[in-house]
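**Student:** sequence first, then the predicted structure, then my questions.
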Amino acid sequence: MKKLMFLALFITALCLSFTIAQAQWLDTTITVGSGPNALVWNSQNNKIYCANYNSSNVTVIDGQTNSVITTITAGSGPWALVWNSQNNKIYCTNINSDNVTVIDGQTNSVITTITTGSSPCALVWNSQNNKVYCANVNSNNVTVIDGQTDSVITTIIADSYSCALAWNSQNNKVYCANQGSDNVTVIDGQTNSVITTIIVGSGPNALVWNSQHDKVYCANYGGNNVTVIDGQTNAVITTITAGSTPFALVLNSQNNKIYCANASSNNVTVIDGQTNSVITTMTVGNSPRALVWNSQNNKVYCANWSSNNVKVIDGQTNSVITTITTGSRPYAFCWNSTQNRVYVANNNSSSVSVIRDSIISGVEEINENCKLIIDNFSLYPNPASSEIRVRCPSSVAKVKIFNVTGKMIKEADISNEYTNISLKGINQGIYFLQLNNASEMKKLVITK
């Protein structure tokens, strides 16, 4: 009886260890248009939209299958994207044709094209008033678009080289960073009037709002620092020294931290959102230019432009967990929370890298005494030592084998319903088999 109880406890512990073990790997690479520059995820239809600067179009990707659904013609030089969840529309700035393409998120058809100021380069959506704000870098102003009618409400005079936007939902304010005049314009989201202009550091380049303490963080590209602004009073609270040429910001709301990617010093500054003090500085790849936070597993992803990879950072410990090789010049992110995948736009290789972040053999391992249920998929023997025979549906083209850290150690092409796969060179242990790029995996035990 004691042996049986011990065995039951061992199996339960094994299941739980699989549940919490998390893997990071490059799932697939999707070919898109030329010069992919921006990404946005539509959670309503589980689609990813990719703006392609050089080919003047937008690629639509199915978030479930990672297949390209269609390509939408936009204006010249698509540069930035935002999703309006209220009306299920995607807005795409076209920096060379001075307009915004509006895309229907259901049909993926172009609804209309809106004329803006000169060189529109940034977007933010105000969900409280259903307005889209568009910063125009060469005309030093902000176009306000009605999210219902897609008509221009007004144009707000900002300052020199308006290049970044953030919305404060608590106070219904829009912040516009003006890189050429070293300040931030604060706009009333209700009246669209300018409330004030805040002097910050040299070359403000990125903004993020911290909802926990109602603060706005502004990365100053030329000043090598971050300005902290009080969201209520619009006063500067403090200035935080960062690395060289701060380029991007992201908020980790779980641990109340702000991450700042420093493009020239190849590191990330981690800021405490409570005290506004620097917690640590982490070395990453060469020329980090984009950040995204995954709230499901509390990880921060950093795209390194010159080293063609992504560093994955643990949001709790602020340590680099792994490095994932991507395409050439990774530049922009979006996160698909439904599949828990991170998408990376590779500006110089006309592709999007999909990073898989999966709880290995998650729910299925726990259900039915840890038995994975995958229809029409079987393997034997299991445990195995030298070879396995896999039975797969006819639609399966590849089988991948991963170790418990999520690293792919073998890939086999499938041409028949039954395929023999050699285990030569694979050490004893627990592994997982994946069909094509499906979200499910089957456990394999290898004994030697």
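**Tutor:** Everything's here; your move. Model, not experiment: these values are computed from the prediction. Numbering: from 1, shown residues only.

**Student:** please parse this protein into its domains.
**Tutor:** Residue ranges for the domains of the chain, per automatic domain parsing: 23-359, 363-446.

**Student:** poorly predicted segments of this structure, please.
**Tutor:** 1-23, 358-377, 393-396, 404-407, 436-441 (pLDDT under 70).

**Student:** and the residue nearest the centre of it?
**Tutor:** In the chain, the residue lying closest to the centroid (CA atoms, centre = their mean) is residue 334, at 2.7 Å.

**Student:** give the next helix or strand downstream of the helix or strand containing residue 293.
**Tutor:** Assessed by DSSP states H and E, residue 293 sits inside strand 288-294. Downstream of strand 288-294, the first helix or strand assigned by DSSP H and E is strand 299-304.

**Student:** which strands or helices does that following strand pack on?
**Tutor:** Contacts defined by 3 or more CB pairs under 8 Å, 6 or more residues apart in numbering; DSSP states H and E place strand 299-304 against strand 257-262, strand 288-294, strand 309-314, strand 330-336, strand 341-346. Using the backbone N, CA and C atoms, a C-beta is placed for each residue, glycine as well.

**Student:** just checking: what are the partner strands of the last one?
**Tutor:** Taking DSSP bridges as the criterion, strand 341-346 pairs within the sheet with strand 330-336 (antiparallel), strand 351-359 (antiparallel).

**Student:** what distance do you get for residue 341 to residue 299?
**Tutor:** Plainly put, residue 341 is 12 Å away from residue 299 if you go by CB to CB, to the nearest Å.

**Student:** give the residues shared as contacts by these two.
**Tutor:** residue 357 (CB atoms under 8 Å, 6 or more residues apart in numbering).

**Student:** the helix or strand that contains residue 167 pairs with which strands, and in what direction?
**Tutor:** For residue 167, the host element (DSSP H and E) is strand 162-168. Note on strand 162-168: by DSSP bridges, its sheet partners are strand 173-178 (antiparallel).

**Student:** so what touches the partner strand?
**Tutor:** Residues from elsewhere that reach strand 173-178 (CB under 8 Å, 6+ apart): 124, 126, 133, 135, 140, 142, 158-168, 184-189, 195, 200, 204-207, 209, 216, 218, 229, 231.

**Student:** list the buried ones in it?
**Tutor:** Going by neighbour count (16 or more other CB atoms under 10 Å), the buried part of strand 173-178 is 173, 174, 175, 176, 177, 178.

**Student:** and of those, the nearest to residue 412?
**Tutor:** residue 177 (50.2 Å; CB to CB).

**Student:** so how far is residue 416 from the closest one?
**Tutor:** 58 Å.

**Student:** same check on residue 73?
**Tutor:** Distance, residue 73 to residue 416, using CB to CB: 42 Å.

**Student:** please apply the same query to residue 349.
**Tutor:** 34 Å.

**Student:** of the two, which one has the most company?
**Tutor:** Ranked by neighbour count (other CB atoms under 10 Å), residue 349 and residue 416 place residue 349 first, with 20 against 10.

**Student:** sec struct for that one, please.
**Tutor:** Three-state call for residue 349 (DSSP: H, G, I helix; E, B strand; the rest coil): coil.

**Student:** contacts only, for it.
**Tutor:** By CB under 8 Å, 6+ apart, residue 349 lies in contact with 327, 328, 329.

**Student:** so which of those residues wins on neighbours?
**Tutor:** Busiest of those [other CB under 10 Å] is residue 327, holding 23 neighbours.

**Student:** surely it meets residue 354?
**Tutor:** No. If you go by CB atoms under 8 Å, residue 327 and residue 354 don't touch, sitting 11.0 Å apart.

**Student:** what is in contact with those two at once?
**Tutor:** Residues touching both residue 327 and residue 354 (CB under 8 Å, 6+ apart) are 29, 344.

**Student:** ranges for the helices of this protein?
**Tutor:** Along the chain, the stretches classed as helices by DSSP state H are 2-20, 362-366.

**Student:** any idea how many residues pack against residue 212?
**Tutor:** Look at residue 212: counted by other CB under 10 Å, it has 11 neighbours.

**Student:** ok, the residue lying closest to it once chain neighbours are set aside - contacts?
**Tutor:** In this structure, residue 212 finds its nearest non-sequential neighbour in residue 256, 5.4 Å apart by CB to CB, 6 or more residues apart in numbering. Residue 256 makes contact with 210, 212, 213, 272, 273, 274, according to CB under 8 Å, 6+ apart.

**Student:** take these and keep only those in strands.
**Tutor:** Secondary structure from DSSP state E places 210, 272 of those in strands.

**Student:** would you mind measuring the gap between the ends of stretch 321-336?
**Tutor:** Stretch 321-336 has an end-to-end distance of 20 Å (CA to CA, to the nearest Å).

**Student:** now do the buried residues in that stretch.
**Tutor:** By neighbour count on 16+ other CB under 10 Å, the buried set for stretch 321-336 is 322-324, 326-327, 329-336.

**Student:** could you dump those residues to TSV with distance to residue 412?
**Tutor:** Below are the buried residues of stretch 321-336 laid out as TSV (distance: CB to CB, whole Å):
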residue	distance to residue 412
322	24
323	25
324	22
326	24
327	24
329	32
330	29
331	33
332	33
333	31
334	31
335	30
336	27
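
**Student:** what is the nearest of these to residue 120?
**Tutor:** Taking these together and measuring to residue 120 by CB to CB, the closest member is residue 332, at 16.3 Å.

**Student:** doesn't residue 290 make contact with that closest one?
**Tutor:** Yes. Between residue 332 and residue 290 there is a contact under CB under 8 Å: 5.4 Å.

**Student:** okay, and the common contacts of the two?
**Tutor:** Common contacts of residue 332 and residue 290, defined by CB under 8 Å, 6+ apart, comprise 303, 344.

**Student:** count the neighbours of residue 34 for me.
**Tutor:** Residue 34: 14 surrounding residues under other CB under 10 Å.

**Student:** I figured it was touching residue 52, is that so?
**Tutor:** Yes. Counting by CB under 8 Å, residue 52 is a contact partner of residue 34 at 5.7 Å.

**Student:** give me the common contacts of those two.
**Tutor:** By CB under 8 Å, 6+ apart, residue 34 and residue 52 have these common neighbours: residue 350.

**Student:** re earlier: most packed of the domains of the chain?
**Tutor:** Of all the domains of the chain, domain 23-359 carries the top mean neighbour count, a mean of 20, counting by mean count of other CB atoms under 10 Å.
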